[in-house]
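**Student:** just coords:
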């Protein structure tokens, strides 16, 4: 007779609904932001790619966005693997200033270290100059049979590079 009363039936229905809601909320995925430590790992330094993009100053407009991105990713890899960095600056003309002097001054101004390099490319004279820190001397200057950094740069920065094949 107790369970046949309308008030008891309504009360039991409300209790069952409340119990279902509690069970549902406790088993549902949390609606809070995921902790960064739970996020999938990015490639080394990927979140700091903008830092490496800032070392590529393409005032002459030689490189597409894809090439600039590739250069920045190469710098990220170079820096994470070897602790060195290659800054690149392209300019249209130097107003008669010597490219070697300009490059060395820029190297000092940007406070690059002994494991870093600066490649300055001037399009009007189709000239380039590579400034490097003292620690890199064995890799840049001629040494034995292996190709050096100087030979790699000079082989790639030829006339076709300056005539639209810079990408």
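**Tutor:** Received the coordinates, thanks. Quick caveat: nothing in here was measured; it's all calculated off a predicted structure.
**Student:** As a check, name the ranges of all helices in this structure.
**Tutor:** Applying DSSP state H to the chain gives helices spanning 6-27, 49-53, 65-82, 99-109, 137-140, 149-156, 159-162.
**Student:** TSV please, covering those and showing mean neighbour count.
**Tutor:** For every residue, glycine as well, the C-beta is placed using N, CA and C. Formatted as TSV, the helices of the chain follow (neighbours: other CB atoms under 10 Å):
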stretch	mean neighbour count
helix 6-27	10
helix 49-53	15
helix 65-82	15
helix 99-109	15
helix 137-140	14
helix 149-156	13
helix 159-162	13
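**Student:** could I get the ones you listed as TSV with distance to residue 121?
**Tutor:** Listed next are those as TSV, based on distance: least, CB to CB, whole Å:
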stretch	distance to residue 121
helix 6-27	61
helix 49-53	17
helix 65-82	12
helix 99-109	9
helix 137-140	17
helix 149-156	10
helix 159-162	8
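**Student:** Nearest to residue 120 among those helices would be which one?
**Tutor:** helix 99-109 (4.1 Å; CB to CB).
**Student:** which other helices and strands contact that closest one?
**Tutor:** Under the contact definition 3 or more CB pairs under 8 Å, 6 or more residues apart in numbering; DSSP states H and E, helix 99-109 sits against strand 117-122, strand 127-132.
**Student:** switch to 10 Å and redo it
**Tutor:** strand 86-91, strand 117-122, strand 127-132 (3 or more CB pairs under 10 Å, 6 or more residues apart in numbering; DSSP states H and E).
**Student:** Give me whichever of the ones you listed is most buried.
**Tutor:** A comparison of the helices and strands packed on helix 99-109 by mean neighbour count, using mean count of other CB atoms under 10 Å, puts strand 117-122 on top with a mean of 22.
**Student:** from memory residue 84 sits against residue 140, does it?
**Tutor:** No. Contact criterion CB atoms under 10 Å: residue 84 and residue 140 do not qualify, at 11.4 Å.
**Student:** which residues do the two both contact?
**Tutor:** 117, 132, 133 (CB atoms under 10 Å, 6 or more residues apart in numbering).
**Student:** didn't the first one look like it was pressed against residue 137?
**Tutor:** By that I understand residue 117. No. If you go by CB under 10 Å, residue 117 and residue 137 don't touch, sitting 11.3 Å apart.
**Student:** can you tell me the distance between the two ends of stretch 112-131?
**Tutor:** 10 Å (CA to CA, to the nearest Å).
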